[in-house]
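# What follows is a predicted protein model with its sequence.
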Amino acid sequence: MFEALGAVLDRQEFEGVRMASAKSSVVLAQAKPFDVMIFNAESRVGTLALVVDEIRDQKSASRKTSLLVLAEPSGAEAARDLVGRGVNRVMLLEDSPELISQQVAALLDVAPRAAIRLSVRLKITVYDSAVEVLAEVVNLSVSGMLVETDTPFEPDEEVVVSIDLGGQWGSVSTKAVVVRQAYRASGGIDGIGIRFVGLALDSKTKIEGFLDKAFADQLSG
């Protein structure tokens, strides 16, 4: 399951780290913040409860992470007892990787995303002067996008993005804010995560139409 799920998350350009054991996961999570963590409930729910407590510890860098637990049907009820006590959501190991990836997107508070390649112009203001940077979109959703660029940006930096969706959708422009920095050394790309701010209804409609076709093409391919 975890191998299949990892492949689906990779295709959707989620940046992830796979750990061999709960212990090593806890050590890493306490040292480095993660947005979402996925655990196998295993048969020892007491061990899972201990893992949750350690991740939620006040000194843990990932204490505010979203925790998704995958359980066998026989152990799902026991795992659900931890919901509200550190676990955000429980799903079954037999659930499809695509369904689980949708729940990951929901926990990240982002829309399901399509892995695509598009050119994007990022306009930033430096000392009251507009500077334009040409970059490449790696994945896109109606809430934001992951952009590959060598240009450094600061978290919370405001930008104006212009994306040419092509075809019947044309161009979309909107204000946005940089929410995170991505690094190739972490197994992903060098770039930034961007969240759209005040996306106009017509722009949202264009992106939704573009994504509908992108998802359909991915499924048929």
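Yep, it's here. This one's a predicted model, so the numbers in the text were calculated from it and none came from an experiment.
# Longest helix in the protein, please.
Criterion DSSP state H: the longest helix present in the chain is helix 201-220.
# angle of the one helix or strand F196 maps to against helix 201-220?
Applying DSSP states H and E as the criterion places F196 in strand 191-197. Counting by axes from the mean of the first three to the mean of the last three CA atoms, to 10 degrees, strand 191-197 points 130 degrees away from the direction of helix 201-220.
# what comes up buried for strand 191-197?
Neighbour counts over strand 191-197 (16 or more other CB atoms under 10 Å) mark 191-196 as buried. Bear in mind the C-beta positions are built from the backbone N, C-alpha and C, glycine included.
# Show me what counts as buried in the longest helix of the chain.
203, 206-207, 210-211, 214.
# Among those, show me the least confident.
Note: of the buried residues of helix 201-220, the lowest pLDDT belongs to A214, at 75.
# Relative to F196, how far out is that one?
For A214, the distance to F196 equals 17 Å [CB to CB, to the nearest Å].
# Identify the farthest-apart pair in the buried residues of strand 191-197.
G191 and F196 (16.1 Å; CB to CB).
# just to revisit the earlier point, out of the buried residues of helix 201-220, which is nearest to K175?
S203 (10.8 Å).
# is it true that that closest one touches V172?
Yes: checked against CB atoms under 8 Å, the pair S203 and V172 is within contact range at 4.5 Å.
# average pLDDT for the strand holding F196?
Here the average pLDDT along strand 191-197 is 87.
# what helix or strand is L28 on?
With DSSP H and E as criterion, L28 is part of helix 22-31.
# what helices or strands is that helix leaning on?
Helices and strands touching helix 22-31, by 3 or more CB pairs under 8 Å, 6 or more residues apart in numbering; DSSP states H and E, are strand 36-40, helix 45-55.
# Could you rerun that using 7 Å?
Judged by 3 or more CB pairs under 7 Å, 6 or more residues apart in numbering; DSSP states H and E, the packing partners of helix 22-31 are helix 45-55.
# Name the strands paired with whatever helix or strand comes next after the helix it packs on and say parallel or antiparallel.
Per DSSP H and E, the first helix or strand lying C-terminal to helix 45-55 is strand 66-71. According to DSSP bridges, strand 66-71 forms sheet pairs with strand 36-40 (parallel), strand 89-92 (parallel).
# So what touches the longest one?
Spelled out, that is strand 36-40. 22, 29, 48, 51, 55, 62, 65-70, 104, 107-108 (CB atoms under 7 Å, 6 or more residues apart in numbering).
# Name the nearest of the residues you listed relative to V179.
Nearest to V179 among the contacts of strand 36-40, counting by CB to CB, is L108 at 10.6 Å.
# Quick check: which ranges of this structure have low pLDDT?
For the chain, applying pLDDT under 70 flags the ranges 1-16, 42-46, 108-129, 185-188, 215-221.
# Go through the contacts of strand 36-40 and name the one nearest R89.
Nearest to R89 among the contacts of strand 36-40 is L68, at 5.1 Å by CB to CB.
# hey, what's that closest one bridged with?
Beta-bridge partners, per DSSP bridges, of L68: I38, R89.
# show me the residues around it that make contact.
Contact analysis of L68 by CB under 7 Å, 6+ apart lists 36, 38, 88-89, 91, 103-104, 107.
# farthest pair in those residues?
The farthest-apart pair in those, when distances are taken by CB to CB, is V36 and M91, at 12.5 Å.
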